[in-house]
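**Q** got a structure for you, letters missing:
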Ligand code: DX5
Ligand code: ZN
């Protein structure tokens, strides 16, 4: 995956489900790079989001890559179904993956990029021996389960440490930040090493979501912040 640009992935969780097609069309026309799809099972996280019929509707309307974040137990049981729906990236949580290496390769064998999501308390050092098999780390900067939560500032340091591991192992892994991303923390996250920024409530809660995506993308790709 191209590492030269920082991608913006609006989270559909914060879209208007009464008028979902309109929000997906807005994302199609916007500068969004990916669509982030949050799947919650009410077991791994204390909330249930949506399942296959809704995902299918999103996949049918979407013209951009689908970045599927599985917040579910036993994710290996469902990766094939999400691959068939057309996911480009599927992330499973480290905390529910006893055989993470096997699940990552199950995803790759389906022709999909393989991601690992980490809860805020899960150390990035746990990925050291598998990082070369990981296309994307979805680093949670809130506790998974809900949109609209406050960003956890400890994330910056975690991003820097993960970036060091990726560079040391000569891996091509992208770092995605998920939770509480706004135009106020986007530049600092990119400076720390982030490659993909997920944003739900900040985009869909804005008066002009299209302009907000454009703004975030501009801030995230402003090379002067790296100086
Ligand atoms: C949280 C989800 C996030 C969420 C982000 O469990 O994984 O993707 O939709 O929403 P905001 O940007 O509102 O924190
Ligand atoms: Zn997510």
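**A** Okay, I see it. Predicted, not measured: the structure shown is a model, and the values here were computed from it. Numbering: from 1, shown residues only. Ligands and ions are numbered 1, 2, ... in the order given.

**Q** Only C-alpha atoms from now on, for both contacts and neighbour counts.
**A** Fine.

**Q** Give me the helices and strands touching the helix of greatest length in the chain, please.
**A** Determined from DSSP state H, the single longest helix within the chain is helix 155-168. With contacts taken as 3 or more C-alpha pairs under 8 Å, 6 or more residues apart in numbering; DSSP states H and E, helix 155-168 sits against helix 186-192.

**Q** Any part of the helix it packs on near ligand 1?
**A** No: on the criterion C-alpha under 6 Å from any ligand atom, helix 186-192 is out of touch with ligand 1, staying 11.6 Å away.

**Q** which parts of that helix are buried?
**A** Buried residues in helix 186-192, counting neighbours by 16 or more other C-alpha atoms under 10 Å, are found at 186-192.

**Q** same deal with stretch 31-45?
**A** 31-41, 44-45.

**Q** what does stretch 153-162 give?
**A** For stretch 153-162, by 16+ other C-alpha under 10 Å, it's 155-156, 158-162.

**Q** Could you single out the nearest of these to residue 115?
**A** Top of the list for closeness to residue 115, among the buried residues of stretch 153-162 and by C-alpha to C-alpha, is residue 162 at 14.0 Å.

**Q** Touching, the closest one and residue 125? I think so.
**A** Yes: assessed by C-alpha atoms under 8 Å, residue 162 is found in contact with residue 125 at 7.5 Å.

**Q** isn't there a strand covering residue 33?
**A** No: going by DSSP: H, G, I helix; E, B strand; the rest coil, the assignment for residue 33 is coil, not a strand.

**Q** For residue 56, which non-adjacent residue is closest in space?
**A** Sequence neighbours aside, residue 85 is the residue nearest to residue 56 in space, at 6.4 Å (criterion: C-alpha to C-alpha, 6 or more residues apart in numbering).

**Q** what's the neighbour count on the one you found?
**A** 17 (other C-alpha atoms under 10 Å).

**Q** ok, now how distant is it from ligand 1?
**A** For residue 85, the distance to ligand 1 equals 19 Å [C-alpha to the nearest ligand atom, to the nearest Å].

**Q** ditto for residue 35
**A** 10 Å.

**Q** hang on, that residue packs against residue 65?
**A** Yes: under the criterion of C-alpha under 8 Å, residue 35 makes contact with residue 65 at 6.3 Å.

**Q** Would you map the helices across the chain?
**A** 20-29, 52-61, 79-84, 100-109, 155-168, 186-192, 201-204, 209-220.

**Q** And the contacts of the second one?
**A** The contact list for helix 52-61 (C-alpha atoms under 8 Å, 6 or more residues apart in numbering) reads 20-21, 24-25, 37, 66, 85-86.
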